[in-house]
Every structure is written in C-alpha cells, then in structure tokens.
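Colleague: Curious how this folds, go ahead:
(2 chains)
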Amino acid sequence: MRQRNYYFLLGIILLFLVSLTVDLAGTAGGFKVFGHGTPVKQGLDLTGGIRVLLQARNCKGASQDAMTSAIDVITKRVNAFGVSEPQVSQVGSCGVDVEVPDIKDPDQLRTTLGSTGLMVIYGMGSLAQLAQGAVFPYTNVKTYCGAAKASLPCIVANGNELDSGQIGVSTDNLGQPIVLFGVKGGAVGRLSDYTSANVGTGHMAIVLDGKVVSDPNIQGAITGGNGEINNIGTVDAATALSISLKYGALPIAFDIQASDQVSATLGPQYVRASIVAGAIGLGIVILFMLIYYRLPGLLADLALIVYATVIFAIFKLIPVTLTLAGIAGFILSIGMAVDANVLIFERLKEEIRAGKTLGAAIEAGFNRAWTSIRDSNISTMITCVVLYWFGQTFAAAVIVGFATTLFIGVLISMFTAVVVSRTFLRLIVGRGMQFNPALFGAGLEKVGRDDVVIRRSTQE
Amino acid sequence: MINLIKYRYWYFAFSLLIIVPGAIFLAAGGLKAGIDFTGGTELTFSFPGTPASATLEKQLRDAATKNAKLSEAEVVAATRIGGQASGSARYLVRIPFIGNDPQKLAQLEAPLYTAYGCGTTLVHLQGDLLRVPLPKCPKVSLDEQNDVGPTIGAQIRSRATYAVVVAAVFILLYISFAFRKVAHPFRYGTCAIVALLHDVLVVLGLFAILGKLFSVTVDSLFVTAVLTVIGFSVHDTIVIFDRIRENMSRRIGEPFELVVNNAILQSMARSLNTSLTVLMTLTALLIYGGASIRIFVLALLIGITSGTYSSIFNASPLLVVWEYDELGIGRFLKGLRGRKKPPAGRVRPTTANAR
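Modeller: Got it, this is the predicted structure:
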C-alpha cells in the first residue's frame, strides 16, 4: 500500500512538471514543447476581431456541394485580407461561420463576405446613364452584344468570363485607386466590337451583384480585353472589391445573420482583469482552506495548485478557445474544485471524531465521500453538455467556451480531489507525526451528533 | 441539537417573500430581452473627453433618426455605459438589424465623425456608395458592433427554452436513477427540481427588477448563467440527499423528520464551505473581472447563493412534507383513485406507500 502510494506520488509530480512545462511553453522564455510553442488560443472577445455568421438566402436550395465550394471561395477571400489564423466553418446545413481576429478594417471584410461577387458588363448603348450605387433596373437580360437581334441592354461579358488572374488594384493617372480586370474567351471579342462601335456615343455598365459599380462613357476601343473600374474612393475599398472578384462569384447568395465585432484594445484589458480576478480568487480559497481545515487544507491547496496547472495545460493542448466567459468558467471551477475536497475532509473529521485511526479515517472518508462527489458533479456535467449544444447550434463561441472549460474543470477536479489529495494525505500516515485531531480541524467543535450509530463497514 | 426541520414553513414563507416581488416584475414584463432574443444591432461608440451625456445622447439619436432615417421608436437605446478608461465615454446604441445594410451604418456614423473633427470621404464599396471616416480618426471609434438577424434571434429564443427544459428533464432522470435504491426515488428528483425552479425564479425575478429599473438586458450569456445555476443547485441538493440516503440505511426506525434533520446538520458545514469558496471566486471576478461579463457573474452569484439556500431549506424540508403528506395531496390522489374503482362490497385494504 505504501509502495503503491509512492508510485502515485511520483506520477503526480511528473504530471505536475509536464503540465508546468506546457503551461510555460510559448510564453515565458518562448521555448517549445515538441516543436510547438503552444500559445493560448484566445477567443474573439479577447483578441479583438470580427465574427460573421452567414446564412444562404435560399436555405433549401443550397446543396452541400455548393456550400463546400462557397466556403472555399469565402476562405480564399478572407485569407486575401492578410489576417492571421482566420476560421471559416460550416454551421448547420446552410450557414457559414467566419471568425477573423486581428483585422484592420472589419467593415471591408463584412461587405466582402456579404457580396456574392457576380460581375456583369452590359452594353447600354444610348439608354439612360445610371448612377453609381443604383440598383440595375433591367432584369432578365439574356442576349449577348453582337448577336443577331440584340436589344439593349446586352451582355458584353458574363460573370464567368472574368479572368481572375488579371484582377488587381492600381492607381490611375490622377493617383486615384482603381481596380483592373480582364475578360477571357468570347468576351474579349465582344468587348472589342462593342467599344469600337460605340466610341463617344454609348456607355457600358459594370454591375456587381445587381448594383451599378460604374457606368462610364466609352472613350475608346478596348481590344485587349482589359478594363478598369474607377471612382472607388480609397485603396481599402479597391482592395476589398478586387478580393470579391478574384476568387470567383459565390455559387450561393448569403446574408449576414449575425456578427460580433470587438476592437483590439479592449481584449488585453479584459485578459489582465481576468488574471487578476483569478489570482485573487485562488488566493482567497487557498487561505480559507488553510485556516478552516489546517493540515488537510494545506494538502488540498497543493492539490489545487496541481489542478490549476494541469487544467491550463489541457486547455493549451486541446486547444480550448478561451473566451472571457471561458475564463469565468475556469475560475468558477476552481471554487467548485474545492468542493470535493471539502466533502472528503468533512467525512474525515467525522471518522476521526468517531475514534478511527488516521489511516482508517482517511480511507473511510474517501470511500464515503465518493458517491456524493460523483453524483453531484455529474449533474453539473449534464448542464455543461446541454449548454454546449445550445451554443453550438448558432456558433456562439462564448457559450461553447464556457461549457467546455467548466466541464473539463469539473472532470479534472474530481480526479485531483480523489487521487491527488488522497495520495498526499496517505503520505502523512504513520510518519511518526503526533496525531493531533486539532490539526485536522476535528478539535472541540461539536455538530450535535450524539445519537449516531457508527458502522465499521464502509460499504453501502 | 437544533431542529431545523421544525421551522420548515417559515423557510417556505421566506422563499415566497423573495420570489413574489420578482414574479410581479416578471409578469409586468420587466425582463428586458437583449438583441440575442429580439434581433437587432448594438453599436458601442467611444468618444473622447467627458462630454455631457445629454448632448451626446441627442447627437446619437439625431444621427440615427435624421441621417440613417430610422424612426424614433426604432432607436431602442442611446445611453452611456461604463467600463472604459478615464478620458473617454462609451455609448451604446441599439437599433433594428442592419447587418446586411452597410449604408445605414455609414449614414449613422458620418455625422458623429464630422462632429468630432474627423474628415470623411465618399467610398464606393461593392456597389454601395458610403461615406466613411478618413483613416486615422483617433477620436470617435466604434468599439463594438453586434448584429443579430431575425432568424438567429428566433433560433436562440427557442433553443434557450429547450435547453432549460432538457437540462431539467435529464437531471430528474439522473437523480431518480442514482437514488433508485432508496424508497420513492422519484420524490428526490422532484424535490430537487422544485428547489431548482425556486433558484431560476429568483434569478429571473432579480433581472426583471433590474430590467425595469436600470434597463439591464438579458442575452444568451444570461441563459448560460441560469443553466449553470441549475447545475450547481442540483449539485448542492444531491450532496444533502446523499446524506439522507446514507442515514436512512443506518438509522432504521428513526422518524424521517429526524433523519433529514441530521442529514442537514451534518452536511451544513460542507454546503456552506463549498458555496463560500465559489462565491469568493465569483466576487473576485465581479470586482476585478472584465466589464462585459459583469451581468453574467452577478447572475451566477445570486443564483448560487439561492441554490445553497434552496438545497438546505427547500429541497430537504419538502421531502419531509411529502413523506408526511402534510399538504394532503397524497390523500387527495388516493381518494381519486379510490373513486375510480368502486369497492365490490368490501373495504379494500390500503397498503402503505401505495403512491
């Protein structure tokens, strides 16, 4: 028994040291574990950034294939903004969740995401010139320019005739940002023919997702299949437009159903505040355990420190995305981790008062307390599972983070209370220490149990 | 030895005293739903210096109604909120959902930027013509923007209700299973659920009052807090019930009332200590933690305090009430059953524990 206990102790120390290494890796000293500098994965409310939940406008008509290629296009677009670690994932049958930490201009991203990216060039002839930003009024335009019986407006270049390799941002000779584009296939000829035939007399409308981007007069013939979109305003807007076009149009039209945007300055403030709160909370609990339960309290505090270290290492390794609520869950679980210890120690006190030897009291205390610990923690874990489902269905990372951290916290706290605390306590049995009941808090207090009949057997 | 159970009706009365005011506010529609449930857009602006609240609020409202062309009723809120470093003020504006409408946002923001000396420029973005601030406008900033569309809002609403009901059902099943070896396991589950309902009502009531008086809104994080409170309340109740179960097997022949009383006294230290440690950590979070979860932590604090109280003073005494059938419900039900099967000319012997 003593032998086995020593093995347990060794195991716990090893676990503690490994966890400590994982905890410190990537932060202090920046050293790596197995080649990974494991930083803590922070949620958007800590890093700042933007999260957008898109949903297909026509959910039933969105096939899984279309969704997959849509997500591919969206991912490319998001990556083109040059951000670190964006996440694009499917939610449900027709939703896309996009999370982008660390983005300079979230408005541009938002507009790019909501844009299908279908650009069509129409020959307008002498029809009324349209204002920039107006909704293109002609629906069901099917005829191509140059075909027999072509009516106005006609299509000069269709959406899939856009040559994505030629999309770029540049400046015109006035220094204003413009977007360059090129067409391919039959559109090159059509563009050339139409512009040649309508120099100075007609205009061409460039329409994006049904809205007029520009409707310039035709100044000269365009033979190379290249064009430019001007009058955009800022370089950022031009970049966003080029990104919308570059990777092709989305096969499904999406609407933004939800979004969260947090500026990057608040995040670090919150992190600091949480660390302070956590440290204070931990400190108070440690002090309390020491004062109330004395020796076992000290051991419980050591177990608590092991617990905090192991938990944090687990969060880093999985990795769990830490949100502000997730940190709250972690801090809450610290308070609850103590619960199992409290249960055990109260039992321990009873057994000691009943006159058992220390060794027997420890064993009896742990055995008796286990059913309580198990049953009560399972109920917390049930609510965590329900919470996880609740948050998962609409990709609420905050709720999912909280449920995960609390669940893991409760699970590990059961382990540390039963295994770690017990190992520490067993260590002091037969150490030749004065068995002073006062050291265990089982001193002179009476709880009024004069009529209890104690059975020696510890089986229910 | 104190007989706590003797005063059980006092505890029930106290519980009612706490719940009733909250319930009144609840019935009066005091619970203010945040955009998670109603859908909408919330914008948080930071302004430099400490301008007078009234001026800024008027500026925000004007920007929303005159520029963004929203109606007065649609501007649900334009109020100052706390939680920012000194030297600037934060304001929250709540309007209908504009997630797909960048023009509206631009229209709302433009007058604010110009009012604080930031230039704006016309930008053509994806077919929309917008007026955006010139880059590097260090004064006014949009700190946060939260949009919730109508579909998602409806989803959240229904899921929240499901979540609470499902959690309660699972817990009931689990407790009945865990206590299957005791007489009447179903009672333990039900009493735990009643205690849990008590706690949920306390939290809801409190937030109905806060909503009515301070316009505090509840969102999906609040639902998270409620579910956590449920988990914790049951956690606490089970520990006491477990003690009752243990005592029952050791004190055969003792009146139930005494068994429960002893169980409560024996678990009292543990119940209070655990709650104390949890409340300590939560209080630290409330005072030192981030502002955006303050409401969440408050809900947890109140709920867990209530959970501790209800486990000791509601759930366990309720078991006693049920055992002794003090409310006469059991007799009433028996009477009903008796009437369904008319006795065939002789008196049917009643068995104990027939429920």
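Colleague: and residue 193, what helix or strand is that in?
Modeller: Reading this off chain A. helix A:186-197 (DSSP states H and E).
Colleague: wrong one, chain B
Modeller: helix B:185-214.
Colleague: Roughly how far does the residue nearest to the spatial centre of chain B sit from residue B:67?
Modeller: Centroid-nearest residue in chain B: residue B:226, 3.8 Å away (criterion: C-alpha atoms, centre = their mean). From residue B:226 over to residue B:67 the distance is 39 Å, taken as C-beta to C-beta, to the nearest Å. C-beta coordinates here come from the backbone N, C-alpha and C atoms, glycine included.
Colleague: Check residue A:72 too.
Modeller: Applying C-beta to C-beta to residue A:72 and residue B:67 gives a distance of 39 Å.
Colleague: what about the closest residue to residue B:273 other than its chain neighbours, is that helix, strand or coil?
Modeller: Leaving aside its sequence neighbours, residue B:273 sits nearest to residue A:342 (C-beta to C-beta, 6 or more residues apart in numbering or on different chains; 4.8 Å). For residue A:342, the secondary structure call by DSSP: H, G, I helix; E, B strand; the rest coil comes out as helix.
Colleague: Is it correct that residue A:342 is in contact with residue B:270?
Modeller: Yes - here residue A:342 reaches residue B:270: they are 5.2 Å apart, a contact under C-beta atoms under 8 Å.
Colleague: For the stretch 101-250 of chain A, which residues are neighbours of chain B?
Modeller: A:106-108, A:110-112, A:114-115, A:132-133, A:207-213, A:231-234, A:236-237, A:240-241, A:244 (C-beta under 8 Å from any C-beta of the partner chain).
Colleague: What subset of the residues you listed is buried?
Modeller: A:106-108, A:110-112, A:114-115, A:132-133, A:207-209, A:211-213, A:232-234, A:236-237, A:240-241, A:244 (16 or more other C-beta atoms under 10 Å in any protein chain shown).
Colleague: quick one: which of those residues sit in strands?
Modeller: Within these, residues falling in strands by DSSP state E are A:207-208, A:211-213.
Colleague: from the residues you listed, which is closest to chain B?
Modeller: For these, the minimum distance to chain B (C-beta to the nearest C-beta) is 2.9 Å, reached by residue A:211.
Colleague: Please, where are all the strands along the stretch 1-150 of chain B?
Modeller: B:32-33, B:40-48, B:77-81, B:88-95, B:120-125, B:128-133, B:141-148 (DSSP state E, counting those that start in this stretch).
Colleague: Break the chain into its domains for me.
Modeller: You didn't pick a chain, so chain A it is. A:2-40+A:263-440, A:119-239 (automatic domain parsing).
Colleague: Chain B, not that one
Modeller: Taken from automatic domain parsing, chain B resolves into B:5-34+B:150-327, B:40-148.
Colleague: about what we covered before: deepest of the domains of chain A, which one?
Modeller: domain A:2-40+A:263-440 (a mean of 20; mean count of other C-beta atoms under 10 Å in any protein chain shown).
Colleague: so for it, what's the average pLDDT?
Modeller: Averaging pLDDT along domain A:2-40+A:263-440 yields 79.
Colleague: same thing with stretch B:307-321?
Modeller: Rounded mean pLDDT across stretch B:307-321 is 88.
Colleague: Alpha carbons of that stretch, as PDB, please.
Modeller: Extracted C-alpha coordinates of stretch B:307-321, given in PDB (Å, rounded to 0.1, in the frame of the first residue of the first chain):
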ATOM      1  CA  GLY B 307     -29.100  27.400  -4.800                       C
ATOM      2  CA  THR B 308     -27.300  26.900  -1.500                       C
ATOM      3  CA  TYR B 309     -30.300  28.200   0.400                       C
ATOM      4  CA  SER B 310     -32.800  26.100  -1.500                       C
ATOM      5  CA  SER B 311     -30.900  22.900  -1.100                       C
ATOM      6  CA  ILE B 312     -30.900  23.200   2.700                       C
ATOM      7  CA  PHE B 313     -34.200  25.000   3.300                       C
ATOM      8  CA  ASN B 314     -36.400  24.000   0.500                       C
ATOM      9  CA  ALA B 315     -35.500  20.600  -1.100                       C
ATOM     10  CA  SER B 316     -35.000  18.700   2.100                       C
ATOM     11  CA  PRO B 317     -37.900  20.000   4.100                       C
ATOM     12  CA  LEU B 318     -40.100  19.400   1.000                       C
ATOM     13  CA  LEU B 319     -39.100  15.700   1.300                       C
ATOM     14  CA  VAL B 320     -40.400  15.700   4.800                       C
ATOM     15  CA  VAL B 321     -43.600  17.400   3.800                       C
END
